[in-house]
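Trainee: next come a sequence and a model predicted from it.
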Amino acid sequence: MSLKIPSCCFLLAVALFTNNTQAATTTLTGFIFFKGKAPKKETIRMNSDPACLKQNGNNPVYKEDVQVNTNGTLAGVIVYLKQGVKPTVGDLTPVILDQAGCHYNPHVLAVQVNQPIKIINSDPTMHNVHSLAKTNQNFNVGMAGKGDAIEKKFSKPELPVRVKCDVHGWMNAFVGVFDHPYFAVTDSTGGFMIKNVPPGEYTIETWQEKLGSKSEKVKLVEIGGTKKIEFTYQ
Ligand SMILES: [Cu+2]
């Protein structure tokens, strides 16, 4: 005799199962703090190219090697899962690296392996975009003027890949390449959020171009929800 399950019960079971699957992942979120006196802002001298000065309306542009936000946090810090994470392919939507005002925007970028990086030139001057990877294959491309765009990818995990412009010696960007989607870059709020992290034991690590790295072990059991983590640089 076959057992007949009423369709309402079947739907309920599906709903419960789906809910459970979603609940099993965790969102890692928090802030990167900077304690102490913020380093003095350093102006970039762009005098060698009048087009660069003009693009910025002769306003000062500051170095971004240590970006302390007004709320005492740090921008431009990469936060990522380092150990315990299996290679995973997430959303591979292209990300933009803009050369605007003779400055890379963003200064710090994080991508997945094979995620397209659309590099654009928004300036009416020549830039050349030159990667200095140690593990990945490098590129060095001249971009003659406004509206030029190219697309590049990195095929292996690497942190950091420095990108520079040989025309304007001050132009610097850093790219973190990961074989999973569990990373974030802090912005002007100093906050980060890494979604959909499966249960497991991980090392969560930070990278800051001048101040180095910090790490912490996290154990995520199948509780779902949110786990808060903070890091403090001095
Ligand atoms: Cu340039």
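Mentor: Cool, the structure landed.
Trainee: in the protein, which spans are helices?
Mentor: For the chain, the helices defined by DSSP state H cover 7-23, 50-55.
Trainee: worst mean pLDDT among those helices?
Mentor: Lowest mean pLDDT within those: helix 7-23, at a mean of 48.
Trainee: distance of the residue sitting nearest the centre point of the chain relative to Pro39?
Mentor: For the chain, Ala110 is the residue whose C-alpha lies nearest the centre (Cα atoms, centre = their mean; 3.1 Å). Distance, Ala110 to Pro39, by Cβ to Cβ, to the nearest Å: 23 Å. The C-beta positions use only the backbone N, C-alpha and C, and glycine is treated the same way.
Trainee: name the residues that touch stretch 128-137?
Mentor: Residues outside stretch 128-137 that contact it (Cβ atoms under 8 Å, 6 or more residues apart in numbering) are 97, 99, 119, 138-143, 150, 152, 154-158, 161-167, 175, 177.
Trainee: what subset of the residues you listed is also close to the ion?
Mentor: Cys165, Val167 (Cβ under 5 Å from the ion).
Trainee: for Thr43, give me its contacts.
Mentor: Pro60, Val61, Tyr62, Lys63.
Trainee: give the PyMOL command for selecting the buried subset of those residues.
Mentor: Paste this into PyMOL to select the buried members of the contacts of Thr43, with burial taken from 16 or more other Cβ atoms under 10 Å:
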select buried, resi 61
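Trainee: including pLDDT and distance to the ion, could the contacts of Thr43 go into CSV?
Mentor: Listed next are the contacts of Thr43 as CSV, based on pLDDT from 0 to 100; distance: Cβ to the ion, whole Å:
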residue, pLDDT, distance to the ion
Pro60, 93, 18
Val61, 94, 13
Tyr62, 95, 17
Lys63, 96, 15
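Trainee: count the neighbours of Asp148 for me.
Mentor: Neighbour count for Asp148, taken as other Cβ atoms under 10 Å: 18.
Trainee: do I have it right that Ile194 meets Ala184?
Mentor: Yes: using Cβ atoms under 8 Å, Ile194 is in contact with Ala184, at 5.3 Å.
Trainee: OK, contacts around Tyr80?
Mentor: When contacts are counted by Cβ under 8 Å, 6+ apart, Tyr80 touches Ala110, Leu159, Gly176, Phe178, Tyr182, Phe183, Ala184, Ile194, Ile204, Glu205, Thr206, Trp207.
Trainee: ugh, typo on my part, it should be Lys41
Mentor: Tyr62, Lys63.
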